[in-house]
Every structure is written in C-alpha cells, then in structure tokens.
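>>> Predicted structure and sequence below. I'll ask about it afterward.
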Amino acid sequence: MPRGKTQEESIEITAISKAIASVEIKGTSPLIVHAWSSKAKQMILDKQQGRKPAKESKDPQADYEASMYRLPDGGHGFPVVAFKAATVGGARYFNGVTMVQMRQALFFRGDPSAPDLVRINTSGPIMREDMVRVGMGTADIRYRAEYRDWSALLTVVYLPSVISLDSIVALVEAGGMGGIGEWRPEKGGTFGTYEVIGAEGTQ
C-alpha cells in the first residue's frame with residue numbers, strides 16, 4: 001500500500017425492511033363504476049385511424065354489464081391504482097407530507113387472481129341511467145353499475161422506517177374523503193367515499 005494512503009472502508013448497505021398493512025374499508029356512499037369496454041376502445045381506435053364507426057343501437061343491458069370490472073371468478077373489482085391515487089391524494093390534508101413522498105413509499109397489491117384489481121365485496125350492483133354531456137356538449141345517456149353497499153380489503157406494502165401503520169390508516173381514511181369512481185368528491189360529486197373499519201400490519 002502506498003505510503004500516506006489508508007485502506008478505504010467497504011460500503012455496507014442494510015437491506016430495506018418492508019411490512020404489509022391490511023386495511024379494511026367500507027363505502028360511506030355508493031360506488032359508480034365505468035370501465036372502458038372493448039366497444040369504447042374500438043371506437044377511439046377507429047376515430048384515431050380516420051375510420052367512421054358504424055352506427056349501432058344503444059343496448060342498455062350490454063353497456064351496464066361492460067361498465068363493471070370483473071375478476072376471473074366472476075367477482076367484482078375496481079382498479080388498484082385508483083385506491084393508491086386516493087390514498088396519495090390524502091397527503092394534502094397533512095402538513096409536512098407530500099404526495100410525491102407517499103407515491104414512492106406506498107405500494108398497493110391487487111387481488112391474487114387479477115393484480116390490477118382490488119376485490120369489491122358487495123351484495124351486487126344496480127343499473128344507473130344518467131344523462132351526461134360528451135364531446136361538444138352533446139347530451140347522451142350512460143348506463144353504469146352502482147354498488148350501494150360495498151367494502152374492500154386493501155393490501156399496502158410499506159417501509160416502516162419511513163411511515164408507520166397508523167399513518168397509513170390516516171392516509172387511507174383521508175383518501176376516502178376524495179373517493180374513487182365516477183362522480184367522486186374529488187371531481188365535484190358525492191359518490192365513492194369510504195372509511196377505514198379495521199387495520200393490521202405484518203412484517
């Protein structure tokens with residue numbers, strides 16, 4: 001070893017410790033869903049490619065069925081990204097917490113059979129008929145599913161060194177104020193809100 005130099009200390013990194021929170025939520029207002037149907041996707045593709053879509057008669061029952069997110073076993077679901085977005089959005093209610101921090105610190109898992117969906121526990125939806133404005137203010141009728149009683153179990157992977165289980169529960173509760181789905185408070189409506197009714201964490 002050359003004179004005057006000392007051996008450099010090796011870099012030692014400790015593995016990041018993760019934990020899993022199971023947070024049970026219950027809807028405090030009905031949840032309205034509107035999944036992108038294959039028909040709607042095809043219409044958008046046709047428009048982008050300059051093709052004029054064929055005029056079809058409206059089928060309320062088909063539109064209603066297509067509005068739902070379904071799990072492989074036929075159960076009902078909702079996009080897991082929506083719950084993460086709502087929870088991250090809840091950070092705005094707390095001083096010293098940013099949405100960027102929470103977006104990077106929390107990881108939501110969906111149902112094992114459909115990772116992009118959270119299973120919705122419900123007795124079943126009803127069909128809604130709503131007048132909406134589309135395009136240049138043109139009126140149209142939408143047929144969508146509404147869950148009047150619903151609950152879900154959110155699985156959140158988090159870093160205990162960064163955020164506590166109690167803090168996660170507070171964020172999920174705050175996210176429920178903004179809601180998920182169509183006509184939620186975040187978008188000026190009153191639907192899709194929820195509250196936390198139970199939580200536990202595991203290492």
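All right, it came through fine. Here the structure is a predicted model, which is why all the values come from computation and not from measurement.

>>> use CA for all of it now, contacts and neighbours both
Noted.

>>> Please enumerate the helices of the chain.
38-48, 60-66, 80-89, 99-105, 165-178 (DSSP state H).

>>> For G201, which non-adjacent residue is spatially closest?
Using C-alpha to C-alpha, 6 or more residues apart in numbering and skipping residues adjacent in sequence, the residue nearest G201 is A21, 4.3 Å away.

>>> For this structure, which helix or strand comes out least confident on mean pLDDT?
Within the chain, no helix or strand scores below helix 38-48, which has a mean of 53 by mean pLDDT, DSSP states H and E.

>>> Please report how far E129 lies from R70.
Distance, E129 to R70, by C-alpha to C-alpha, to the nearest Å: 20 Å.

>>> what do you get for F83?
F83 is 17 Å from R70, where distance means C-alpha to C-alpha.

>>> same question, V23
Counting by C-alpha to C-alpha, the gap from V23 to R70 is 22 Å.

>>> try I16
35 Å.

>>> ok, those two, which is more surrounded?
R70 (18 against 8; other C-alpha atoms under 10 Å).

>>> which residues of the chain fall in strands?
Remark: strands assigned in the chain by DSSP state E are 19-27, 31-33, 69-70, 76-79, 106-109, 117-122, 126-134, 138-147, 150-158, 194-202.

>>> Quick check: which of those is buried the most?
strand 31-33 (a mean of 24; mean count of other C-alpha atoms under 10 Å).

>>> who's in contact with that one?
67-69, 78, 144-148, 150, 180-183, 191-193 (C-alpha atoms under 8 Å, 6 or more residues apart in numbering).

>>> Give me the distance between the closest residue to D63 other than its chain neighbours and I126.
Of all residues not flanking D63 in the chain, Y143 sits nearest, at 5.8 Å (C-alpha to C-alpha, 6+ apart). In this view, Y143 and I126 are 10 Å apart by C-alpha to C-alpha.

>>> try L159
Taking C-alpha to C-alpha, one finds L159 at 39 Å from I126.

>>> got the contact list for the nearest residue to F83 once chain neighbours are set aside?
Nearest residue to F83, sequence neighbours excluded (C-alpha to C-alpha, 6+ apart): I180, at 7.0 Å. By C-alpha under 8 Å, 6+ apart, the contact set of I180 is L31, A82, F83, A86, F191, G192, T193.

>>> so which of these would you say is closest to V118?
Using C-alpha to C-alpha, F83 comes nearest to V118 of the contacts of I180, at 8.5 Å.

>>> Below-threshold pLDDT in this protein: ranges please.
Low-confidence segments of the chain (pLDDT under 70): 1-7, 37-56, 135-137, 203.

>>> what residue is smack in the middle of this protein?
The residue lying closest to the centre of the chain (C-alpha atoms, centre = their mean) is A82, at 1.7 Å.

>>> any idea how far the spatially closest residue to it that is not a sequence neighbour is from L153?
Using C-alpha to C-alpha, 6+ apart and skipping the chain neighbours, the partner closest in space to A82 is I180 (6.3 Å). According to C-alpha to C-alpha, I180 stands 15 Å off from L153.

>>> Next, give phi and psi for the residue nearest to A82.
phi -130, psi 170 (degrees, to the nearest 10).

>>> what about K84, distance to P185?
Counting by C-alpha to C-alpha - K84 and P185 are separated by 16 Å.
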